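> 3D model of this:
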Amino acid sequence: AVVIVCVALIGAQAYDPEARAREIVGNMTLDEKIAMLHGYPGSGYTGYVPANQRLGIPAIKMNDGPQGFRGASGTSTAWPSGLSVAASWDVEAVSAWGTAMGYEFAQKGANVQLGPGLCVARVPTNGRNFEYASGEDPFLGYTLIQPLIKGIQSQGVIANAKHYVNNNQETNRHGVSENVDERTRFEIYYPPFEGAVEAGVGSFMCSYNLINERWSCENNETLATDLKIRLNPDNKRFWVMSDWGATHSPSINQGLDQEMPHGTYMNQTVKQMVVNGTVTMDRLDMSIVNMLTPMISLGIFDNPNNGSLDNNVTSTAHNQLARELSANATVLVQNRNNVLPLNPASIKTIAVVGKQAGPDTIVHGGGSGHVDPSFVVYPLAGIKAALGFPQDQVFNTDAKDCNGDMCVLYVDGTNDDAVVNASSQAEVVLVFSGTTSSEGSDRANLSLANGQDAYTTLAAAHNDNVIAIVSTPGAILLPWSHDVEAILINFMPGQQAGNAVADVLFGKVNPSGKLPLTLPNIENEVGFTTRQYPGLDDASQAYYDEKLLVGYRWYDHHGIEPKFAFGHGLSYTTFEYTSLDVDNKTVTFTLKNTGKVTGSEVPQLYLGFPSQAGEPLKQLKGFQKITLDPGQSTEVTFSLRDRDMSIWDVESHSWSVVAGEFMVYVGASSRDIRLTHALN
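Numbers count the residues shown, from 1 in each chain. Model prediction:
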């Protein structure tokens, strides 16, 4: 027995990833170390560091992006976006998504996925909100990011948590200083990145912007201190790379480990700094250990990746998963008179309105988060397929197409008379609208462009059963909401958009998505001044004067009812919440499906802090997605942590548990609270 124990201990030591990394680093020359501090051109991947053949260090092959492999058109899956999948509020679905993406990256030969995106949506018009899986809430991000990263890394691909930190606007992203206090950073903007650390993420990407007038990639406070120490109490190994061109100096002492995509600063300059003692050899070694440790722990050293950029990594299984993810994340925000789901047996004519329903449909955002799919099922096609049209008719865009007694009328919305005629003839009108955004610029506003609001209103004036389906990269204005019966939001739905929305419209999928951000009534409802956004001095100084009042926290504080609240989302069934009990930090209640069909609900737990804590009125601290059959009930349990009842103390630079009476709120959204209970 003693011999067996000794062998086990020796084996454990031999295969400890960090110990192995340190041994390799101990055998590296100074030039070999410097060679790993920056990227090199010419590989075909987004980022590349050549292999060290002498020491058996594999090449680092990085590729965009946060919601799929960006490469040759049609050879990888265009998944729903990060914000879309966040709308599922479903940790199992997020895990499956991460695993599938990781597989595709590995098959393409990449061992670093430049994603996921984690930033909290401070600015509703931010052009990259569609990429970020946190929505507007730090706890939502903290929770969903973990299974996403674990899924990616289960395939031997290192996830890259980005963009650290406060990359909250694209306007002047290369020059704006995001001026934000320490408490706000830790309570609002850091938790998703903290979740990444806890999940064992292998790498981070620092952002283009400055934080408090220091470039993100050379900010000693946010990188070397906050990320690598305060958010990393277990001293886990990961490396920080710069966003592409975001390095402004050889910032290795400030916490940057690698410059991408080239070596403008982290090159021979660092070598000279080591020689003259400005950078210690220990500090240089640690940067390399930070890279090698996750590479070893995820099997990149021992399991050679034979994937190729030329591989077509799509599959029938991934197409089906993309469809399921999109349907699962579709949010039913309005359903008057239970107009949905539609029953084809009782309908003879359906009108479909809007270019968004046809071949020009928007399914993704732009920039590094864009993927060119091999196909897109646009909504008109998905609807016809669901109605049983023959395959040779499914992709027709004729003004009128019939299959037996069922007819589908299609108009693109550009001609008012055509909209009126189609709407007047149909029993149901499905109005599709959409907008998109991209890396590099913010949205001009939250409105739908190109007359889409007008044709929605026009259709509603000529038909009492109008259902609006909106694809959007973030928050959106719905000025016609009182004119239509039902509204579905599917964010950026990916290549299976049409099939997924048809699954929801006709009841094959009971919607269970919840809004990951607030939908406002008007532009700039949160009242940002120019000082807050886009910033003073030509958008070079943005001040976070709202502090903790981001998203629904602002609405609660000011007593304003949003158009649709954070966490809101309806189902084709109904749920009853009863029997709330709070025992110490354990919260239990009973959830029952009181409707007639199987459905999934996402009960949400919010905490209200004692007034002296200076916190927002309530904050998300727990959620679960639960599926119940008609009449079925279950006991739901949330376990609160000390951390959930703490605030960031800027004096001690640590979390401090708040004493006093808390309020526990349990409900179906941030504004649909069903149960309350005091907690001392």
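> Residue 32: neighbour count?
16 (other C-beta atoms under 10 Å). From N, CA and C alone the C-beta is placed, and that goes for glycine too.
> all helices of the stretch 51-200 of the chain, in order?
For the stretch 51-200 of the chain, applying DSSP state H, counting those that start in this stretch gives helices covering 82-86, 91-107, 138-153, 182-184, 191-198.
> how much space between residue 517 and residue 443?
Applying C-beta to C-beta, to the nearest Å, the value for residue 517 to residue 443 is 14 Å.
> er, residue 29 actually
50 Å.
> same check, this time on residue 331
In terms of C-beta to C-beta, residue 331 sits 19 Å off from residue 443.
> So which of the two has more stuff around it?
Using other C-beta under 10 Å, the more surrounded residue of residue 331 and residue 443 is residue 331, with 26 against 23.
> so that one touches residue 504, yeah?
No. The criterion here is C-beta atoms under 8 Å, and residue 331 misses it with residue 504 at 9.7 Å.
> shared neighbours, the two?
488, 511 (C-beta atoms under 8 Å, 6 or more residues apart in numbering).
> one step back: can you check which residues contact both of residue 517 and residue 443?
With C-beta under 8 Å, 6+ apart, residue 517 and residue 443 have common neighbours residue 474.
> OK, contacts around the residue nearest to the spatial centre of the chain?
With distances taken as C-alpha atoms, centre = their mean, the chain has residue 133 as the residue nearest its mean C-alpha position (1.4 Å). Contacts for residue 133 (C-beta under 8 Å, 6+ apart) come out as 66, 82-83, 85-86, 94, 116-118, 141, 144-145, 148, 192.
> tell me the most buried of the helices of the stretch 51-200 of the chain?
Comparing the helices of the stretch 51-200 of the chain by mean neighbour count (mean count of other C-beta atoms under 10 Å), helix 82-86 ranks first with a mean of 32.
> what bits of the protein have low per-residue confidence?
Within the chain, the ranges that satisfy pLDDT under 70 run 1-14.
> you'd agree residue 287 is in a helix?
Yes. Applying DSSP: H, G, I helix; E, B strand; the rest coil, one finds residue 287 inside a helix.
> residue contacts, the residue lying closest to residue 596 once chain neighbours are set aside?
Spatial nearest neighbour of residue 596, excluding adjacent residues (C-beta to C-beta, 6 or more residues apart in numbering): residue 630 at 5.5 Å. By C-beta under 8 Å, 6+ apart, the residues touching residue 630 are 573, 593, 595, 596, 597, 598.
> tally of neighbours for the residue lying closest to the first one once chain neighbours are set aside?
The shortest distance from residue 573 to any residue other than its chain neighbours is 3.0 Å, reached at residue 595 (C-beta to C-beta, 6+ apart). Look at residue 595: counted by other C-beta under 10 Å, it has 17 neighbours.
> Pretty sure residue 595 sits against residue 601.
No. When contacts are counted by C-beta under 8 Å, residue 595 is not listed as touching residue 601 (10.4 Å).
> Identify the contacts common to those two.
With C-beta under 8 Å, 6+ apart, residue 595 and residue 601 have common neighbours 571, 575.
> Helix, strand, or coil at the residue lying closest to residue 497 once chain neighbours are set aside?
Nearest residue to residue 497 in three dimensions, chain neighbours excluded: residue 363, at 4.8 Å (C-beta to C-beta, 6+ apart). Following three-state DSSP, the label given to residue 363 is coil.
> need the contact list for residue 363.
With C-beta under 8 Å, 6+ apart, residue 363 has these contacts: 78, 373, 376, 471, 492, 493, 494, 495, 497.
> wait, which of those is closest to residue 419?
Taking C-beta to C-beta as the measure, residue 419 lies nearest residue 471 of those, at 19.0 Å.
> hang on, residue 197 packs against residue 237?
No. In this structure, residue 197 is not within contact of residue 237 by C-beta under 8 Å, at 10.6 Å.
> Quick one: end-to-end distance for stretch 612-619.
16 Å (C-alpha to C-alpha, to the nearest Å).
> Enumerate every residue touching residue 145.
116, 118, 133, 134, 161, 192, 195, 196, 199.
> Return the member of those nearest to residue 271.
Comparing the contacts of residue 145 against residue 271 with C-beta to C-beta picks out residue 161 as the nearest, at 28.8 Å.
> list the contacts for the residue nearest to that closest one when sequence neighbours are not counted?
Using C-beta to C-beta, 6+ apart and skipping residues adjacent in sequence, the residue nearest residue 161 is residue 196, 3.9 Å away. By C-beta under 8 Å, 6+ apart, the contact list for residue 196 reads 118, 145, 146, 149, 159, 161, 204.
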